[in-house]
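A.B. asks: quick check, what structure comes out for this input:
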Amino acid sequence: MLRESNLLQQLERYAVRLNGDLLCIYGDPAYPLRVHLQAPFKGNLTQGQQDFNRSMSQARVSVEWLFRDIIENWKFVDFKKTQKIGLSAIGKIYVVCCLLTNAHTCLYGNITSKTFKLDPPALEEYFR
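C.D. replies: Numbering: from 1, shown residues only. This next block holds a predicted model:
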């Protein structure tokens, strides 16, 4: 799926700051390590590597909270249980559910905004 998504090529092209610093995303350990795609350190780790893995694991868990919120709020998008790939517009439905979940977050906050003590944008600002 990673290969078919063209994500790595897009990162190589666009994931650079104006000052030339490279940006990267953090992925699952199953993904290949690349300049723009990082994953947890493996093997006999230094304390710094262990600290990095622990920190990134905590950040990754906070991202997973949003996926949980989407499934909790919109039970019918739990495609493992209800959607049939190729027989329904799963992708479009999921995007709409994400937008509605984000709108809800703008109005009421969520566990991520509370954990990181960050206010979500106003609804008008989000949809601008």
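A.B. asks: helices of this protein, start to end?
C.D. replies: Secondary structure of the chain (DSSP state H): helices at 2-5, 7-14, 47-73, 90-108, 111-115, 123-126.
A.B. asks: adding distance to residue 23, write these out as CSV.
C.D. replies: Using the backbone N, CA and C atoms, a C-beta is placed for each residue, glycine as well. Converted to CSV, the helices of the chain look like this (distance: least, CB to CB, whole Å):
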stretch, distance to residue 23
helix 2-5, 17
helix 7-14, 8
helix 47-73, 15
helix 90-108, 22
helix 111-115, 21
helix 123-126, 23
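A.B. asks: pLDDT below threshold where in the protein?
C.D. replies: Within the chain, the segments meeting pLDDT under 70 span 1, 79-85.
A.B. asks: roughly how far apart are the residue most central in space within it and residue 12?
C.D. replies: Nearest residue to the geometric centre of the chain (CA atoms, centre = their mean): residue 63, 5.3 Å. Distance, residue 63 to residue 12, by CB to CB, to the nearest Å: 23 Å.
A.B. asks: one more: residue 33?
C.D. replies: Taking CB to CB, one finds residue 33 at 14 Å from residue 12.
A.B. asks: before we move on, what about residue 94?
C.D. replies: 27 Å.
A.B. asks: can you give the contact residues for stretch 56-76?
C.D. replies: Taking contacts as CB atoms under 8 Å, 6 or more residues apart in numbering, the residues outside stretch 56-76 that touch it are 26, 40, 77-78, 82-83, 93-94, 97-98, 100-101, 104, 110-112, 115-116.
A.B. asks: same check, this time on stretch 94-111
C.D. replies: Counting by CB under 8 Å, 6+ apart, 62, 65-66, 69-70, 73-74, 77, 79, 113, 119-123, 125-127 sit against stretch 94-111.
A.B. asks: still on that earlier bit, using PyMOL, define a selection of the buried residues within the contacts of stretch 56-76.
C.D. replies: To isolate the buried ones among the contacts of stretch 56-76 in PyMOL, judged by 16 or more other CB atoms under 10 Å, type:
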select buried, resi 40+77+83+97+98+101+110
